[in-house]
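S.K.: Sequence and predicted model, in that order:
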Amino acid sequence: MTTDEELNVLDTQLRRLKIEYEIYFNNPTKKPPTDVEWKVLSLLRKFSDGVRLNFSQRFRYNEMAQRYAIYSDLWRKKSRIREEGYRRPQDALLSVQGVRPEEHEPEHKAYGVAVGAGAAAAAAAVSVEPQPFAMSCSDPRAEREQVAKLYEALTRAKKKAGEAVSGNLDSFTSFVEKKTKQLQKQYGCAKVEYTVEFQQGQVKLKAKAKQ
């Protein structure tokens, strides 16, 4: 199985895990989906070092790891409420509607998930910081594969951030070609480095001269 296929499996299992937990919290007789969660955690651990991932695969992995971290933080809170009983009106609201507005962000960088009473705890240390995508080029028209990877990373980042994606690969390539020539002329550099970064929740595409 290729790395992309394994990442597809991880994405599928993560979606299934979310559904299984929703069923679990809405049915007092259900057991937590520990088997599905272990599959998710094993794949997250497998790719956590990022050694075998290219730029686009690493970006995709980080997005899923971050999604799992947010989910697991919510599941931990809801499991605690389920075990201890509802003590406040907002706890009952949490069990029905999900996390409250002030709790949308996970509390920690790494997570272990505590599941229902009497069940085994699944634990994993997963980095959830979005990693910037970077690539360098000297002739965008001749390096279309690199530009396509940059476009894919930018598009994925904007979708994740809820920002609109404008233009297509051809128009983006024209933009990169123009920007590259501009910086090469301005700084007399051989290459231009492009990075896709998250800054305060917004996606930034940056370009800088590189010798």
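M.R.: Now that the structure is in, tell me what you want to look at. Numbers count the residues shown, from 1 in each chain.

S.K.: Residue 196 belongs to a strand, doesn't it?
M.R.: Yes. Per DSSP: H, G, I helix; E, B strand; the rest coil, residue 196 lies within a strand segment.

S.K.: quick one, what contacts the nearest residue to it once chain neighbours are set aside?
M.R.: Closest residue to residue 196 apart from its sequence neighbours, by C-beta to C-beta, 6 or more residues apart in numbering: residue 133 at 4.3 Å. Any C-beta I mention is one placed from the backbone N, CA and C, and that applies to glycine too. Residue 133 makes contact with 55-56, 58-59, 149-150, 153-154, 157, 195-196, according to C-beta atoms under 8 Å, 6 or more residues apart in numbering.

S.K.: what do you get for residue 162?
M.R.: For residue 162, no contacting residues are found, by C-beta under 8 Å, 6+ apart.

S.K.: sorry, back to before: out of the contacts of residue 133, which are inside strands?
M.R.: Among those, DSSP state E puts 195-196 in strands.

S.K.: Could you check the pLDDT of residue 138?
M.R.: The model reports residue 138 with a pLDDT of 91.

S.K.: How are the helices of this structure distributed by residue range?
M.R.: Using DSSP state H, the helices found in the chain span residues 3-26, 34-46, 55-84, 89-97, 144-161, 169-187.

S.K.: For stretch 173-186, give the mean pLDDT please.
M.R.: For stretch 173-186, mean pLDDT rounds to 90.

S.K.: Only the C-alpha atoms, please, for it, written as PDB.
M.R.: The C-alpha trace of stretch 173-186 is given here as PDB (Å, rounded to 0.1, in the frame of the first residue of the first chain):
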ATOM      1  CA  THR A 173       1.700  29.300 -12.600                       C
ATOM      2  CA  SER A 174       1.600  32.600 -14.500                       C
ATOM      3  CA  PHE A 175       1.600  34.500 -11.200                       C
ATOM      4  CA  VAL A 176       4.500  32.500  -9.900                       C
ATOM      5  CA  GLU A 177       6.400  32.900 -13.100                       C
ATOM      6  CA  LYS A 178       5.900  36.700 -13.000                       C
ATOM      7  CA  LYS A 179       6.800  36.900  -9.300                       C
ATOM      8  CA  THR A 180       9.900  34.800  -9.800                       C
ATOM      9  CA  LYS A 181      11.200  36.900 -12.700                       C
ATOM     10  CA  GLN A 182      10.500  40.000 -10.700                       C
ATOM     11  CA  LEU A 183      12.500  38.900  -7.700                       C
ATOM     12  CA  GLN A 184      15.300  37.400  -9.800                       C
ATOM     13  CA  LYS A 185      15.700  40.800 -11.600                       C
ATOM     14  CA  GLN A 186      15.400  42.800  -8.300                       C
END
